[in-house]
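Undergrad: model this:
(chains A, B, C and D)
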There are 2 protein chains.
Amino acid sequence: MVEHAPSPETRAGGRPESADPETETAAGAPPGRQRLADRVRLGLEREIVTGDLAPGMRLDEVRLAERYQVSRTPVREALMQLAASGLVEMRPRQGALVAAIGTYQLAEMFEVMSELEALCARLAARRMTPRERNELAALHEACRPCLESGEADGYYEMNLRFHEAIYAGSHNAFLEQETRKIRRRVSPYRRMQLHRPGRLADSHAEHGRVVEAIRAGDQELAGSLMKEHVAIQSGTFVDFLASVGELPDQRAAGSPEPREPRRQAR
Amino acid sequence: MVEHAPSPETRAGGRPESADPETETAAGAPPGRQRLADRVRLGLEREIVTGDLAPGMRLDEVRLAERYQVSRTPVREALMQLAASGLVEMRPRQGALVAAIGTYQLAEMFEVMSELEALCARLAARRMTPRERNELAALHEACRPCLESGEADGYYEMNLRFHEAIYAGSHNAFLEQETRKIRRRVSPYRRMQLHRPGRLADSHAEHGRVVEAIRAGDQELAGSLMKEHVAIQSGTFVDFLASVGELPDQRAAGSPEPREPRRQAR
DNA sequence: CCGCCGCCGTTTGTATACAATGTTGCGCAT
DNA sequence: ATGCGCAACATTGTATACAAACGGCGGCGG
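TA: Prediction:
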């Protein structure tokens, strides 16, 4: 039984006045109304997906709470949601880690992902409006500059947009969401992969064929081309990981060394 | 490339209730062994999937806390995890509802599900061990009694086991998990569907053809048969829902009617 | 010298208290 | 009488306090 909390002014709790009125343009202002847990979740998600928080890294609740200037409660919420989405792994009494996906599981995920992306492409070929088809083609063209200048990171971004356009083109919001979820989940591992020498050009060429099939409305072709496209990435990618031996094949068996408070403080 | 299942209970992406029903009465392990949040989550999940908690029904945190004899904290955890898995919908400051899926979104989900189940069947045809193939056939036969006696509920259960066997036969744990998740998510709506007159027999016959294809190792056939099988369910099912008009086509617009939860009178 | 056992610090899991927002119903003005 | 505004209520979001469990470490015994 806690009787009473005698700290009226250390108020970390009162979130509203904390930052600033922000962009609350008098209009009833929905934007600022964000739960703290969401802020933390978004932040962590970003850090994980971009690789700032490396797979296997420990996520200490109190440290994160300090970092985000909130209490443990929203942090726990965020961690659990991320765990549900697969980006974070929580072991019952041992805290949370950034999900470390073994090459084996990664291969499994690619197997599913290639199928879903193929489905997206197939449906897109069938359902995209003329306008969407044109936009897709434009997006494809917009990848070229990054390709020619060799900016892998820029291409990575454009590549993402390209694929998202196809997801949306499936006109199946559920499929779109699921596919996106999987892509996000593997993204911490994919970034490095595009740095392989000839991969960018190949990727772009494959995209081109997919665009063509979609514009032509050839469902089966679009699907199989896309499946191939993703599968190639999968192959080269898993090969790469395996060769580097960056990750243990079986993460669950003997935990390698989850302890790595490398850089946690900001 | 994929050869054997890793079998770590990747807790991350929502796990099956493989979490042992817990040795409640075991001497050494008092009921406190399991996290309370998990108990609540499992309980709610069961109630939702079986339809005891109808879609659209309000889930009040304090009431649930009383019902499960815990504080709000584990209840909130459970709700959030269920929200992440899609069984529960949480609106920012307005609490949680049992997810009410509109017919439109349901159709979308079936579109994805048929594809994933087809993939499972295709892979199963390629990868199942002889033993697994036999077990599948046995499982299929085991459905017959329920069929003949017309026990829809019993058949429903066996049907589930049958499909799960195929998921497992894909030897892709990730695919297995994802497919199971989707099936779970639509299950609150499926139960009633099998009560349709001739559906049980049809379903069983379709299963039989799938088993044959898998035993014969015919991937493509197994896949397309399974896709058809699920699609048929989808079709009759969505028709059924639409005819009953049980659900609004677009849930997002106006919330149907957060129905008053029954008195929990403790 | 090595291995086992028990203590202690750290960290998670749960409960409760406090703050803030959405909702509902009532009163008032038109 | 009806619609609007306001205030009290109900319920969620957040913080903090408390308890239990895991892991490490040192002492003890073989």
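Undergrad: Against DNA strand D, how distant is A:Y155?
TA: To DNA strand D, A:Y155 is 37 Å away according to Cβ to the nearest atom of the strand, to the nearest Å. Yep, even glycine has a C-beta here, placed from its N, CA and C like the rest.
Undergrad: quick one: pLDDT of that residue?
TA: Note on A:Y155: pLDDT of 88.
Undergrad: Roughly how far does it sit from DNA strand C?
TA: Using Cβ to the nearest atom of the strand, one gets 37 Å for the distance from A:Y155 to DNA strand C.
Undergrad: Tell me, how many residues neighbour the closest residue to that residue other than its chain neighbours?
TA: Distances taken as Cβ to Cβ, 6 or more residues apart in numbering or on different chains place A:C146 nearest to A:Y155, at 4.1 Å, with adjacent residues excluded. If you count neighbours by other Cβ atoms under 10 Å in any protein chain shown, A:C146 ends up with 19.
Undergrad: Surely A:C146 and A:F162 touch.
TA: No: contact between A:C146 and A:F162 fails when scored by Cβ atoms under 8 Å: they sit 11.2 Å apart.
Undergrad: circling back: for whichever strand or helix holds the residue nearest to A:Y155, which helices and strands make contact with it?
TA: If you go by DSSP states H and E, A:C146 is part of helix A:144-149. Counting contacts by 3 or more Cβ pairs under 8 Å, 6 or more residues apart in numbering or on different chains; DSSP states H and E, helix A:144-149 is packed against helix A:152-169, helix A:199-216.
Undergrad: taking the mean pLDDT, what do you get for the host helix or strand of A:M90?
TA: Using DSSP H and E, A:M90 maps to strand A:88-91. Within the predicted structure, the mean pLDDT of strand A:88-91 is 94.
Undergrad: which residues are in contact with whatever helix or strand comes next after it?
TA: As assigned by DSSP H and E, the chain's next helix or strand after strand A:88-91 is strand A:95-98. The contact list for strand A:95-98 (Cβ atoms under 8 Å, 6 or more residues apart in numbering or on different chains) reads A:48, A:53-61, A:79, A:83, A:87-91, A:188, A:258.
Undergrad: any idea how far the helix or strand just after strand A:95-98 is from the chain center?
TA: Sequence-wise, the next helix or strand downstream of strand A:95-98 (DSSP H and E) is helix A:103-127. The chain centre lies 15 Å from the centre of helix A:103-127; the measure is Cα atoms, centre = their mean, to the nearest Å.
Undergrad: element containing the residue nearest the centre of chain A?
TA: Most central residue of chain A, judged by C-alpha distance to the mean C-alpha position with Cα atoms, centre = their mean, is A:R184 at 2.3 Å. Here A:R184, judged by DSSP H and E, is contained in helix A:173-190.
Undergrad: per-residue confidence for the closest residue to A:R144 other than its chain neighbours?
TA: In this structure, A:R144 finds its nearest non-sequential neighbour in A:H204, 7.1 Å apart by Cβ to Cβ, 6+ apart. pLDDT for A:H204: 94.
Undergrad: what's the answer for the one 10 residues further on, then?
TA: Among the per-residue scores, A:I214 shows a pLDDT of 98.
Undergrad: thought it was touching A:L123?
TA: No: assessed by Cβ under 8 Å, A:I214 is found out of contact with A:L123, at 10.0 Å.
Undergrad: Settle it for me: which of those two has more neighbours?
TA: A count of neighbours by other Cβ under 10 Å puts A:I214 above the other of A:I214 and A:L123, at 30 against 24.
Undergrad: The residue lying closest to A:E77 once chain neighbours are set aside: neighbour count?
TA: Leaving out its chain neighbours, the residue that sits closest to A:E77 by Cβ to Cβ, 6+ apart is A:A37, at 3.8 Å. The local packing of A:A37 (other Cβ under 10 Å) involves 19 other residues.
Undergrad: before we move on, back to that, tell me the helices and strands packed up against the strand holding A:M90.
TA: Short answer (3+ Cβ pairs under 8 Å, 6+ apart): strand A:88-91 packs on helix A:72-85, strand A:95-98.
Undergrad: if I look at A:C120, how far off is DNA strand C?
TA: Distance, A:C120 to DNA strand C, by Cβ to the nearest atom of the strand: 35 Å.
Undergrad: Tell me who's in contact with that residue.
TA: The neighbourhood of A:C120, defined by Cβ under 8 Å, 6+ apart, consists of A:166-167, A:169-170, A:172, A:175-176, A:179, A:226.
Undergrad: Most neighbours among these, which one?
TA: Ranked by neighbour count (other Cβ under 10 Å), the contacts of A:C120 have A:M226 at the top, with 29 neighbours.
Undergrad: That residue: what's it in contact with?
TA: By Cβ under 8 Å, 6+ apart, the residues touching A:M226 are A:114, A:117-118, A:120-122, A:166, A:210.
Undergrad: now A:A142
TA: Taking Cβ under 8 Å, 6+ apart, we find A:A142 in contact with A:M158.
Undergrad: Next: A:R76.
TA: A:R76 is in contact with A:61, B:77, counting by Cβ under 8 Å, 6+ apart.
Undergrad: near chain B, which residues of the stretch 51-200 of chain A show up?
TA: By Cβ under 8 Å from any Cβ of the partner chain, the part of the stretch 51-200 of chain A that sits against chain B consists of A:76-77, A:80-81, A:83-86, A:88-92, A:99, A:102, A:104-105, A:107-109, A:111-112, A:115-116, A:119, A:123, A:172-175, A:178.
Undergrad: Next, the residue nearest to A:E77: phi, psi?
TA: A:A37 adopts backbone torsions of phi -60, psi -40, taken as degrees, to the nearest 10.
Undergrad: Thought A:R72 was touching it, still the case?
TA: No: between A:A37 and A:R72 there is no contact under Cβ under 8 Å: 11.0 Å.
Undergrad: before we move on, the earlier item: which outside residues touch the strand holding A:M90?
TA: The contact list for strand A:88-91, computed with Cβ under 8 Å, 6+ apart, reads A:44, A:48, A:59, A:79-80, A:82-83, A:96-100, B:10-12.
Undergrad: Now it: buried residues?
TA: Neighbour counts over strand A:88-91 (16 or more other Cβ atoms under 10 Å in any protein chain shown) mark A:88-90 as buried.
Undergrad: chain center to that strand, what's the gap?
TA: When distances are taken as Cα atoms, centre = their mean, strand A:88-91 is centred 17 Å away from the chain's centroid.
Undergrad: do that strand and DNA strand D meet at all?
TA: No: for strand A:88-91, no contact with DNA strand D is found by Cβ under 7 Å from any atom of the strand; the gap never falls below 7.9 Å.
Undergrad: next one: stretch A:73-83
TA: Yes: applying Cβ under 7 Å from any atom of the strand, one finds stretch A:73-83 in contact with DNA strand D at A:73-74, A:77.
Undergrad: Which ones, among those residues, also lie beside DNA strand C?
TA: Within the residues of stretch A:73-83 next to DNA strand D, those near DNA strand C by Cβ under 7 Å from any atom of the strand are A:T73.
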